[in-house]
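Peer 1: here is my input; please provide its structure:
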Amino acid sequence: MRRIKESFFFDKDKLIRSLKIARMNIYYADYVNNCLKISLMVNIIFNIFVFFILLNMAREAGKYSNLFLILAIFPFGFYIMFRFMIGAPEAKIIRSKKNIDAEIVSAIRSLILDFKANAPMFDALGNLMKNFDEIGKYIKDIVIKVKLGSSLEESLNEIVEIVPSESFRVLLWQIINHLETGTDITNSLDRLADEIVEKQRIDFKKYGKKLNVLSLLYMIVAIILPTIGFTMIAAGLIFMGISMSMSLIMVFWVLFSLLQFVFLAISGGNRPVVEA
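Peer 2: Residues are numbered from 1 along each chain as shown. This is a model prediction of the structure:
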């Protein structure tokens, strides 16, 4: 029963792994408690705002039965807010992956130049740590582990498990294979860079095709719904004998603003990175 309740709100194993990959140094139970507290506080503030809107509407209509809607809005709002908060590690992972993918080709080419100059592997990784922000965070962990006594192979194998980007993971596997077998790595890295660039270009072309559909949806969400849609809703409410109060207008304004915010977040998050 406990497992069913837990899975309804979040997946424990998935959350633990997400916190690890997102590099959030916090125990999962503490993170859940923080999400519960923040969700409760935000939901209370939101419901106070909703309560005064419903109260104003009830006074204008002379019926206070609408105030009972708050009993349904409160738990629903709390659940939505909690799910949003508990998904923060996933959002952080996505941002980290996009930042890594934006740096990965330049990082590979930097390694190739260092290897052609006969630079040691540890020094080449040190250059990545200094010159690349997102990739440098993971390389820094490797460098620290090596300085604390772990072998370079062990450190790479530990980090490769928590890397959010598949391209970066392949790069680390190439380095691990080179350290274990001693085979030449420059040609493999050169092919890997070309493959990543080609994949990024294909993804960007696919996104360009989706952009027409997204533009149409944006016109609906940002223009048609707030204007024609609101006019039709207002006409329907007036026909039903419901007056258009300022409180009701504010409710529609908040709703349409949320819809636009969600759309912009979704469309912006789907944009792939591409590097020439």
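Peer 1: could you report the pLDDT at the spatially closest residue to S155 that is not a sequence neighbour?
Peer 2: Setting aside the residues directly before and after it, S155 is nearest to K145 in space (CB to CB, 6 or more residues apart in numbering), at 3.9 Å. All C-beta spots, glycine's among them, are computed from the backbone N, C-alpha and C. pLDDT recorded at K145 is 91.
Peer 1: again with F252
Peer 2: 69.
Peer 1: renumber starting at 482 from here on
Peer 2: Understood, numbering begins at 482; the last thing we discussed is F733.
Peer 1: picking that back up, mind checking the SS state of the residue nearest to S636?
Peer 2: Per DSSP: H, G, I helix; E, B strand; the rest coil, the secondary structure class of K626 is helix.
Peer 1: tally of neighbours for it?
Peer 2: As a burial measure, K626 scores 17 neighbours (other CB atoms under 10 Å).
Peer 1: residues contacting it?
Peer 2: 635-636, 639-640 (CB atoms under 8 Å, 6 or more residues apart in numbering).
Peer 1: distance to I704 added to the residues you listed, as CSV?
Peer 2: What follows is the contacts of K626, written out as CSV (distance: CB to CB, whole Å):
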residue, distance to I704
E635, 57
S636, 53
E639, 51
I640, 47
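Peer 1: would you mind checking the residues you listed for buried ones?
Peer 2: Using 16 or more other CB atoms under 10 Å as the burial test, the contacts of K626 include 636, 640 as buried.
Peer 1: quick one: which of the contacts of K626 is nearest to S696?
Peer 2: I640 (40.3 Å; CB to CB).
Peer 1: measure C516 to M566 for me?
Peer 2: Per CB to CB, to the nearest Å, C516 is found 4 Å from M566.
Peer 1: who's more crowded, these two?
Peer 2: Shown here are C516 and M566; by other CB under 10 Å, C516 has more neighbours (21 against 18).
Peer 1: phi and psi next, for the more buried one.
Peer 2: When read as degrees, to the nearest 10, the backbone of C516 gives phi -60, psi -40.
Peer 1: now D671: closest residue in space that isn't a chain neighbour?
Peer 2: Nearest non-adjacent residue to D671 (CB to CB, 6+ apart): I593, at 6.2 Å.
Peer 1: ignoring the adjacent residues along the chain, who's closest to L550?
Peer 2: L535 (6.2 Å).
Peer 1: and F532, by the same measure?
Peer 2: Using CB to CB, 6+ apart, the nearest residue to F532 is I551, at 5.6 Å.
Peer 1: give me the element that neighbour is part of.
Peer 2: If you go by DSSP states H and E, I551 is part of helix 550-567.
Peer 1: right, and the helix or strand after that helix?
Peer 2: Counting by DSSP H and E, what follows helix 550-567 is helix 569-597.
Peer 1: hmm, who's touching the helix or strand just after that following helix?
Peer 2: Next helix or strand after helix 569-597 toward the C-terminus (DSSP H and E): helix 602-612. For helix 602-612, the surrounding residues in contact (CB under 8 Å, 6+ apart) are 588, 591-592, 595-596, 600, 616-617, 620-621, 623-624, 627, 633, 656, 659-660.
Peer 1: just the buried positions in helix 602-612, please.
Peer 2: Buried, per 16+ other CB under 10 Å, within helix 602-612: 602, 605-610.
Peer 1: how about those residues in CSV, adding distance to S648 and pLDDT?
Peer 2: Below are the buried residues of helix 602-612 laid out as CSV (distance: CB to CB, whole Å; pLDDT from 0 to 100):
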residue, distance to S648, pLDDT
M602, 19, 90
A605, 18, 91
L606, 17, 91
G607, 21, 91
N608, 19, 92
L609, 14, 92
M610, 18, 92
